[in-house]
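Asker: need coordinates for the following:
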Amino acid sequence: LSTLFDCKTNQMEFKNVEFGLNLNIPFPVKQFTKGLLYHYGKIFTSQRQQAYWQCEHNNYIIKIYDKGSQYGMSENVIRVEIKVTRMEEIKPIGIATFEDINTSTLKKAYNHLLERFEEVVYYDRTIDKKHLTKIELIKIKEYSNQNYWMDLKSTLRDRPKKKLNVLIENYSDRLKAQIRDAMME
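Answerer: Modelled structure (predicted):
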């Protein structure tokens with residue numbers, strides 16, 4: 001680009017940027033994406049027959065979608081991505097121009113993506129209900145519903161979120177953990 005536009009890399013400023021990972025996972029992508037609930041009080045919305053999900057914030061959009069089906073691949077490939085719409089979001093990463101792209105800033109971008117993914121609240125549809133108490137069965141119906149979470153005041157979401165995470169940890173295939181592990185590899 002520097003040669004093509006006859007300018008220095010420090011003159012090429014980013015106005016929007018997307019960064020993400022394509023990951024091969026051992027289960028169908030929809031099995032995870034259909035359980036996406038919210039991120040920082042904003043719900044995930046689906047498009048393209050639930051193959052593409054996003055959560056829009058002021059400075060960025062989190063996208064999680066089935067990259068494999070997008071390109072007609074036989075593998076289960078999930079794309080976890082952040083689309084930066086205002087550069088304010090990545091100022092701490094230190095990327096403003098093409099000159100700023102290096103191993104250190106790419107590592108910071110990766111860590112930022114991982115952090116945002118960790119903040120995603122989801123319901124794991126692989127929870128084995130046979131081992132749950134009657135109260136837990138009632139609760140997971142609530143936990144799987146986006147409206148339940150949005151109707152709760154943000155200050156009251158922490159306790160049910162912890163209870164949901166315990167159920168996921170103890171009684172499911174832990175899909176999000178599998179994706180996180182693939183991200184870390």
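Asker: which residues touch Thr33?
Answerer: 46, 50-51, 53, 64-66, 78 (Cβ atoms under 8 Å, 6 or more residues apart in numbering). For glycine as for every other residue, the C-beta is placed from the backbone atoms N, C-alpha and C.
Asker: quick check: it vs Ser46, distance?
Answerer: Taking Cβ to Cβ, to the nearest Å as the measure, Thr33 falls 8 Å from Ser46.
Asker: so which of the contacts of Thr33 wins on neighbours?
Answerer: Top of these by neighbour number is Ile78, holding 26 neighbours under the definition other Cβ atoms under 10 Å.
Asker: just the strands in this protein please.
Answerer: Assigned by DSSP state E, the chain shows strands spanning 17-24, 36-39, 42-43, 45-47, 52-56, 60-66, 77-84, 121-122.
Asker: how about those strands in a markdown table, adding distance to Lys107?
Answerer: Listed next are those as a markdown table, based on distance: least, Cβ to Cβ, whole Å:
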| stretch | distance to Lys107 |
| --- | --- |
| strand 17-24 | 12 |
| strand 36-39 | 23 |
| strand 42-43 | 27 |
| strand 45-47 | 31 |
| strand 52-56 | 24 |
| strand 60-66 | 19 |
| strand 77-84 | 15 |
| strand 121-122 | 26 |
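Asker: hmm, back to that, return the closest of the contacts of Thr33 with respect to Pro92.
Answerer: Ile64 (22.4 Å; Cβ to Cβ).
Asker: residues contacting the closest one?
Answerer: Contacts of Ile64 by Cβ under 8 Å, 6+ apart are 32-33, 36, 44, 53-54, 78-81, 120.
Asker: that'll do, ta.
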